[in-house]
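Colleague: take this sequence and fold it.
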Amino acid sequence: MPIRIPDDLPAAGILKSENIFTMSETRASHQNIRPLRVLILNLMPKKIETETQLMRLLSNTPLQVDIELLRVDARASRNTPQSHLDTFYGDFERVKNQKWDGFIITGAPLGTIPFEEVYYWDKFTEILEWSRHNVTSTLFLCWAAQAAFKYLYGLEKMTRERKLSGIYEHTTHHHHHPLVRGFDDFFWAPLSRFAEFDSEYTSANSDLTIFADAPEAGIYLAASPDCRQVFITGHPEYDADTLNNEYLRDLDEGVNPMLPENYYPSDDAQQTPRATWRSHGNLLYSNWLNYCVYQVTPYDLSELI
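Modeller: Next comes the predicted model:
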């Protein structure tokens with residue numbers, strides 16, 4: 001089944017060129033089926049790139065998915081045309097009186113900033129509180145995962161001295177749980193964060209189930225007992241060159257970044273990196289949509305509590 005997205009969204013053309021089955025709003029409006037309604041709060045600077053990456057993963061399921069894009073406020077973006085934001089992104093006030101099957105909150109480049117200094121922290125926590133009662137399952141990515149850990153569970157922010165960047169091997173736990181159904185015992189995933197997610201600390205101070213972690217990188221995948229909150233501390237949606245672009249950006253800004261680990265062949269930044277995480281990323285999003293959303297969401301969303 002396809003993903004349904006606005007006719008003129010840039011992602012539509014990109015996904016079509018990759019032979020990914022998308023459906024225009026015009027065509028989908030004539031079908032008598034109940035699609036899943038998924039809201040995306042995109043906090044990343046390059047919004048077109050991020051929305052395309054996420055939609056690529058959401059499209060790889062037998063379910064029809066309706067996507068709506070949300071911004072945290074109407075401030076201008078340095079990396080996304082204002083016309084794109086005005087055309088495709090809505091404000092929270094437009095959606096807060098509705099119910100949603102799924103909700104994705106992206107990461108944000110705020111790893112070293114205290115939460116109370118983030119200018120949209122109050123709005124962000126308002127949205128988190130709203131999601132607990134109006135969404136079947138919410139997926140938190142990277143910075144959003146750490147922020148939700150703090151707000152929902154009182155888990156204190158832990159920040160590394162140096163950024164964790166690269167492709168890391170993680171161990172899968174609780175293999176028979178639907179969220180990790182089909183996962184290999186070990187898998188690779190991209191990380192790009194200053195946040196520290198310690199497995200022992202999290203287990204001792206919350207009821208979260210940890211489904212995947214790594215010795216040097218900590219928690220990668222965790223969820224509440226009912227999977228209404230699912231946390232991914234990395235970026236399975238990243239393209240093969242995303243970490244390279246971040247590395248070059250940091251070099252240009254004089255940050256003196258470390259070379260992303262396990263990323264460039266022979267650790268040579270002149271060589272083309274290869275994606276080793278696509279199959280895991282697609283399976284993770286497919287499992288989340290199927291088992292945490294589709295299988296448990298009510299047909300009539302007004303019944304969601």
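
Colleague: in terms of helices and strands, where is Trp188?
Modeller: strand 186-195 (DSSP states H and E).

Colleague: could I get that strand in CSV with only the CA atoms?
Modeller: The C-alpha trace of strand 186-195 is given here as CSV (Å, rounded to 0.1, in the frame of the first residue of the first chain):
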residue,chain,number,x,y,z
PHE,A,186,23.2,-7.5,16.1
PHE,A,187,22.6,-4.6,13.7
TRP,A,188,24.2,-1.3,12.7
ALA,A,189,22.6,2.1,13.1
PRO,A,190,23.7,5.7,12.6
LEU,A,191,24.2,7.9,15.6
SER,A,192,24.8,11.7,15.7
ARG,A,193,24.3,13.1,19.2
PHE,A,194,25.9,14.5,22.3
ALA,A,195,23.2,12.9,24.5
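
Colleague: helices or strands next to that strand in the packing?
Modeller: Under the contact criterion of 3 or more C-beta pairs under 8 Å, 6 or more residues apart in numbering; DSSP states H and E, strand 186-195 touches helix 143-153, strand 159-172, helix 242-252, helix 278-287. C-beta: built from backbone N, CA, C; applies to glycine.

Colleague: kindly recompute the last result at 10 Å.
Modeller: helix 143-153, strand 159-172, strand 209-214, strand 218-223, helix 242-252, helix 278-287 (3 or more C-beta pairs under 10 Å, 6 or more residues apart in numbering; DSSP states H and E).

Colleague: next, the buried residues of that strand.
Modeller: Buried residues in strand 186-195, defined by neighbour count with 16 or more other C-beta atoms under 10 Å: 187-195.

Colleague: which of those sit farthest apart?
Modeller: The largest separation in these, counting by C-beta to C-beta, is between Phe187 and Phe194 at 22.9 Å.

Colleague: sorry, back to before: looking at the buried residues of strand 186-195, spot the one nearest Ser165.
Modeller: Checking the buried residues of strand 186-195 one by one against Ser165 (C-beta to C-beta), the nearest turns out to be Ser192, at 5.2 Å.
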